[in-house]
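Visitor: Sequence and predicted model, in that order:
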Amino acid sequence: MRNETVNTDITVIGGGLAGVCAAVAAARSGQTVALVQNRPVLGGNSSSEVRVWVCGATGHGTNRYARETGIMGEMFVENQYRNPEGNPYGWDLVVLETVLAEKNIQLFLNTDVHEVEASGDDHERKIHSVTGWMMGSERRIRFESEMFLDCTGDGLVGFLAGAKHRIGREAKHEYNEDWAPEEADDITLGSTILFYTKDAGHPVRYIAPSFAKDITKTSIPIKRVIRSGDSGCHYWWIEWGGELDTVHENERIRDELWSAIYGIWDYIKNSGKFDADTMTLEWVGSIPGKREFRRFVGDYVLNQNDIIAQTPFEDRIAFGGWSIDLHPPQGMYSTESGSKHLYADGNYHIPFRSLYSVNVSNLMFAGRNISATHVAFGTTRVMATCAVIGEAAGTGAALCVQHHTTPREIYRQHMAELQQLMLRHDASIIGLANQDLRDLARSASVTASSELRELAVTTASEVFPLTSDVGLLLPIDREMTKIGLLLDASVSTKLEVEVWDTGKAENYVPYRLQAQAVAEVNAGEHQWVEVQLPWKPEIPQNAFLIVKANGDVSLHLSHTPMTGVLSFIKSVEPRVSTDLENHQPDQPVIQWRMSKLVRKPFCFRLYPETQAYAAEKAVDGYMRPFGGPHLWMSQSLREYGEQWLELQWADAISVQEVQLTFNDDVNEDLINLHHHRTPFEIIPELVKNYRIEAWAEGVWTLLHRETDNRKRTRRHSIFGTVTTNRLRLVVESTNGSDYAEVVEVRVYTSSE
């Protein structure tokens with residue numbers, strides 16, 4: 001046996017997506033990091049060992065402009081390019097290479113941490129080291145650091161350190177949560193094992209093992225959806241163990257899940273109810289994917305009311321958007337629905353105070369073990385949300401090291417610094433603007449070769465019968481007076497149109513009625529009908545237009561998307577669980593769905609001209625859509641050629657780094673595995689070829705040229721220091737869009 005000691009600034013225990021993003025964020029902030037994972041691969045439940053889809057704030061397309069940015073966003077976009085088929089091993093490589101790219105990270109796979117050295121009393125403790133055993137290598141490794149992050153999911157490190165925690169469900173009276181039980185208990189969500197199938201192309205027989213369960217003697221065939229062509233996360237409902245101890249009875253849970261899987265496959269193959277003669281099992285998992293165990297107690301406990309109210313915490317450092325998604329304790333054997341869902345009206349915010357221990361001074365955590373009630377955990381537990389929490393925790397831990405202080409003091413003394421650092425790294429925060437004093441772009445005047453002023457989509461591609469209410473989201477920068485709609489009418493009729501605001505700037509559902517009108521429509525095809533809808537909002541924001549159902553009318557859809565414009569259809573029956581009872585059965589984000597209208601706007605013309613895509617939007621501080629698209633968009637590259645965005649200062653400045661953020665359409669719902677396939681490998685709106693130029697001695701001088709870009713954020717260190725008072729970005733081409741689209745430009749005198 002070999003005994004070793006590893007000294008780093010930060011030790012991250014747990015290599016799921018929360019731990020990966022925490023380690024990468026801390027490393028990019030300049031700290032040395034030990035990332036310790038007890039499995040041979042990274043990714044946790046998303047890895048090839050378990051194969052769970054990485055779900056997040058998009059809610060599989062429920063929430064708009066909700067895809068995560070930052071480190072998780074980078075991995076989503078990279079996987080889309082490298083692994084569009086959703087191969088689990090391809091995803092493993094994307095996650096692994098994200099870690100290996102950081103020189104400040106030391107990676108320790110197959111290393112199980114089960115010893116913690118800590119001191120202090122129950123009220124104030126401190127971790128000095130953790131020790132792990134590297135399986136297969138006979139190495140006992142002691143990790144010493146200033147900060148420790150428990151990203152293990154089960155919370156073993158924090159538990160051994162004496163951190164306060166909860167297991168199970170809080171009572172309703174504790175946080176006044178509608179979805180909490182009357183009395184507290186130790187019920188948790190259960191664990192799941194998945195399986196993959198494939199068509200072998202020839203008959204394949206199946207002989208069930210002796211331990212396979214006869215599912216016809218259970219409620220499974222009655223209450224759960226079983227189809228021969230499904231596999232993977234389509235069987236998320238193979239869940240059990242919620243009434244057990246999901247850690248200490250892990251092996252018992254695994255055996256029960258195996259018996260169910262082989263029994264379900266026996267039912268599919270041999271019951272005669274399915275077309276499955278040529279189907280075979282390709283893979284069956286061996287590790288239960290855990291959903292819940294310990295949840296640590298921080299300075300703030302996130303709860304159901306915060307989620308639904310979308311509380312805008314002053315210390316917000318991440319967002320989520322998945323529903324509060326709770327499952328019956330009996331799992332797959334329950335006679336209830338397999339899950340019930342409760343949504344906010346849009347994305348919600350997560351506070352920094354929920355990421356550090358209330359009583360262990362140098363312990364932070366990220367993932368499903370953060371400081372949240374069982375009900376709130378029902379949404380924060382999904383992996384993309386865990387990942388963005390991890391990025392926040394890693395960045396916070398790095399600041400703790402830099403300031404030689406605790407996470408609590410970061411909250412008290414350095415919260416703005418943490419948020420601004422995260423924004424510079426394009427982290428997933430909504431509604432906070434760039435206020436970085438070092439960013440010289442904030443003091444520049446900005447002009448462009450052109451700006452998109454006419455907000456219109458006129459190229460019709462298909463006819464859409466107006467059999468139900470539809471919606472059209474549009475950015476209103478100053479005012480609107482009327483809108484034109486392209487439609488067909490079988491008879492003379494009336495068209496009813498309403499304009500609603502969306503309430504919160506992060507929401508994309510109708511909230512308050514602002515204007516309504518009725519237009520006369522003559523019988524005829526392909527006609528533009530104008531509707532007078534005057535509205536002048538106090539601040540720039542989105543308008544949600546509702547066109548009321550009319551069986552005599554069809555609208556025209558375009559297959560040419562427009563950034564900032566979304567189309568919706570109102571569901572006749574809200575898609576929520578029948579078990580919701582009185583819990584908001586008419587949830588707006590469920591009623592108003594894009595469904596098959598993604599990247600297909602209704603044809604329209606908005607009046608008057610818009611300022612929503614003006615050049616100065618590229619330095620207005622917002623990194624994501626928030627009451628509008630917040631980006632510069634040019635006129636047509638196809639018609640007018642390459643387009644430029646120029647920054648000019650009154651006095652010459654020294655330029656050493658230029659940071660660019662391009663539009664990667666965070667409305668597009670990307671996935672790591674096989675839930676769905678996106679029809680393009682590179683987001684079309686991303687700028688492909690571009691130049692950075694400086695004005696020197698009366699001419700534009702090339703500083704950098706980039707070709708074949710497919711990333712959202714690019715940082716370019718200029719060789720040597722360039723002194724100039726004019727800088728410009730020249731967009732030569734995109735990956736498919738007809739417009740140059742730039743979310744943000746930053747300029748720094750140093751690359752630190």
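Guide: Thanks, I have the structure now.
Visitor: Can you identify each of the helices in the stretch 501-650 of the chain by residue range?
Guide: Per DSSP state H, counting those that start in this stretch, the stretch 501-650 of the chain carries helices over the ranges 588-591, 637-640.
Visitor: for the stretch 201-350 of the chain, same thing?
Guide: 220-223, 250-270, 304-309.
Visitor: Need the residues that contact the shortest one.
Guide: Put plainly, it is helix 220-223. Here helix 220-223 makes contact (Cβ atoms under 8 Å, 6 or more residues apart in numbering) with 215, 226, 260, 264, 267, 332-338. The way it works is simple: take the backbone N, C-alpha and C, and place the C-beta from them, glycine included.
Visitor: Could you list the buried residues of it?
Guide: Applying a neighbour-count criterion of 16 or more other Cβ atoms under 10 Å, one finds 220, 223 buried in helix 220-223.
Visitor: and if you look at stretch 745-752?
Guide: Result for stretch 745-752 [16+ other Cβ under 10 Å]: buried residues 745-748.
Visitor: model confidence over that stretch, on average?
Guide: Stretch 745-752 shows a mean pLDDT of 86.
Visitor: got the contact list for that stretch?
Guide: With contact meaning Cβ under 8 Å, 6+ apart, stretch 745-752 is reached by 424, 434, 436, 438-441, 444, 618-619, 645, 647, 653-661, 715, 717, 721, 727, 729.
Visitor: do the same with stretch 433-443
Guide: Against stretch 433-443 from outside (Cβ under 8 Å, 6+ apart): 416, 420, 423-424, 619-623, 647, 649, 653, 655, 744-749.
Visitor: tell me what the strand ranked longest in the chain is packed against?
Guide: Using DSSP state E, we find that the single longest strand of the chain is strand 713-734. Under the contact criterion of 3 or more Cβ pairs under 8 Å, 6 or more residues apart in numbering; DSSP states H and E, strand 713-734 touches helix 637-640, strand 643-662, strand 687-696, strand 699-706, strand 739-748.
Visitor: quick revisit: can you say which of the contacts of stretch 745-752 are buried?
Guide: For those, buried by 16+ other Cβ under 10 Å: 424, 434, 436, 439-441, 444, 618-619, 645, 647, 653, 655-656, 658-661, 727, 729.
Visitor: Quick one: low-confidence residue ranges for the chain.
Guide: 572-585, 751-752 (pLDDT under 70).
Visitor: so what are the domain limits for it?
Guide: According to automatic domain parsing, the chain comprises the domains 2-166+296-326+339-424, 191-284, 440-450+613-748, 456-607.
Visitor: Just name the most buried of those.
Guide: Stretch with highest mean neighbour count among the domains of the chain: domain 2-166+296-326+339-424 (a mean of 23; mean count of other Cβ atoms under 10 Å).
Visitor: Quote the end-to-end distance of it.
Guide: One end of domain 2-166+296-326+339-424 to the other measures 42 Å (Cα to Cα, to the nearest Å).
Visitor: try stretch 601-610
Guide: Chord length of stretch 601-610, first to last residue, is 18 Å (Cα to Cα).
Visitor: same question, stretch 35-48
Guide: 19 Å.
Visitor: just stretch 610-624 next, same as before
Guide: End to end - Cα to Cα - stretch 610-624 spans 19 Å.
Visitor: got it, and stretch 114-131?
Guide: 7 Å.
Visitor: Distance from that stretch to the middle of the chain?
Guide: For stretch 114-131, the separation from the chain centroid amounts to 33 Å (computed by Cα atoms, centre = their mean, to the nearest Å).
Visitor: neighbouring contacts of it?
Guide: With Cβ under 8 Å, 6+ apart as the criterion, stretch 114-131 contacts 11, 13, 36, 113, 132-133, 140-145, 148, 156-157, 160-163, 359-363.
Visitor: Identify the residues contacting the residue nearest to residue 603 when sequence neighbours are not counted.
Guide: Nearest non-adjacent residue to residue 603, counting by Cβ to Cβ, 6 or more residues apart in numbering: residue 486, 3.7 Å away. Counting by Cβ under 8 Å, 6+ apart, residue 486 touches 458, 460, 526-528, 555-556, 602-604.
Visitor: what do you get for residue 6?
Guide: Counted by Cβ under 8 Å, 6+ apart, residue 6 has contacts 34, 106, 108, 141-144.
Visitor: sorry, back to before: export the buried residues of stretch 745-752 as JSON lines, with columns for distance to residue 506.
Guide: Output for the buried residues of stretch 745-752, formatted as JSON lines (distance: Cβ to Cβ, whole Å):
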{"residue": "745", "distance to residue 506": "23"}
{"residue": "746", "distance to residue 506": "23"}
{"residue": "747", "distance to residue 506": "28"}
{"residue": "748", "distance to residue 506": "29"}
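Visitor: Would you mind giving the contacts of helix 220-223 as CSV with distance to residue 560 added?
Guide: As requested, these are exported to CSV (distance: Cβ to Cβ, whole Å):
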residue, distance to residue 560
215, 49
226, 40
260, 47
264, 44
267, 47
332, 45
333, 50
334, 46
335, 48
336, 45
337, 40
338, 39
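Visitor: Return the member of the residues you listed nearest to residue 22.
Guide: Closest to residue 22 out of those is residue 338 (31.2 Å), distances taken as Cβ to Cβ.
Visitor: Pull the number of nearby residues for that closest one.
Guide: Residues near residue 338, counting by other Cβ atoms under 10 Å, number 18.
Visitor: Pretty sure it sits against residue 330.
Guide: No - between residue 338 and residue 330 there is no contact under Cβ atoms under 8 Å: 10.3 Å.
Visitor: Go ahead and list the helix or strand containing residue 116.
Guide: strand 111-120 (DSSP states H and E).
Visitor: now the angle between strand 111-120 and the next helix or strand after that strand, please.
Guide: Counting by DSSP H and E, the next helix or strand C-terminal to strand 111-120 is strand 125-134. Relative orientation of strand 125-134 versus strand 111-120 (axes from the mean of the first three to the mean of the last three Cα atoms, to 10 degrees): 160 degrees.
Visitor: Centre of the chain to strand 125-134, how far?
Guide: Using Cα atoms, centre = their mean, the offset of strand 125-134 from its chain centre is 32 Å.
Visitor: which helices and strands does the very next helix or strand once past it pack with?
Guide: Next helix or strand after strand 125-134 toward the C-terminus (DSSP H and E): strand 139-144. Judged by 3+ Cβ pairs under 8 Å, 6+ apart, strand 139-144 is in contact with strand 2-7, strand 111-120, strand 125-134.
Visitor: Rebuild these as JSON lines, extending it with distance to residue 50.
Guide: JSON lines is the format used below for the helices and strands packed on strand 139-144 (distance: least, Cβ to Cβ, whole Å):
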{"stretch": "strand 2-7", "distance to residue 50": "27"}
{"stretch": "strand 111-120", "distance to residue 50": "17"}
{"stretch": "strand 125-134", "distance to residue 50": "21"}
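Visitor: and of those strands, who's closest to residue 490?
Guide: In terms of Cβ to Cβ, the element of the helices and strands packed on strand 139-144 nearest to residue 490 is strand 111-120, at 69.4 Å.
Visitor: So what are the sheet partners of the closest one and their directions?
Guide: strand 125-134 (antiparallel) (DSSP bridges).
Visitor: Provide the contact partners of stretch 500-513 at residue level.
Guide: If you take Cβ under 8 Å, 6+ apart as the criterion, stretch 500-513 is touched by 63-65, 310, 319, 345-347, 430-431, 471, 473, 498-499, 514, 537, 541-546, 566, 588-589, 591-592, 626-627.
Visitor: whoops, stretch 156-163 was the one
Guide: 13, 113-116, 118, 120, 122, 125, 127, 130, 148, 150, 155, 165, 294, 296-297, 357-360, 363, 365, 369.
Visitor: Distance from the chain centre to that stretch, please.
Guide: That offset, for stretch 156-163, works out to 29 Å (Cα atoms, centre = their mean).
Visitor: now stretch 334-343
Guide: Worked out by Cα atoms, centre = their mean, stretch 334-343 lies 23 Å from the chain centre.
Visitor: Minimum distance to residue 610: which of the helices and strands packed on strand 139-144 has it?
Guide: strand 125-134 (54.1 Å).
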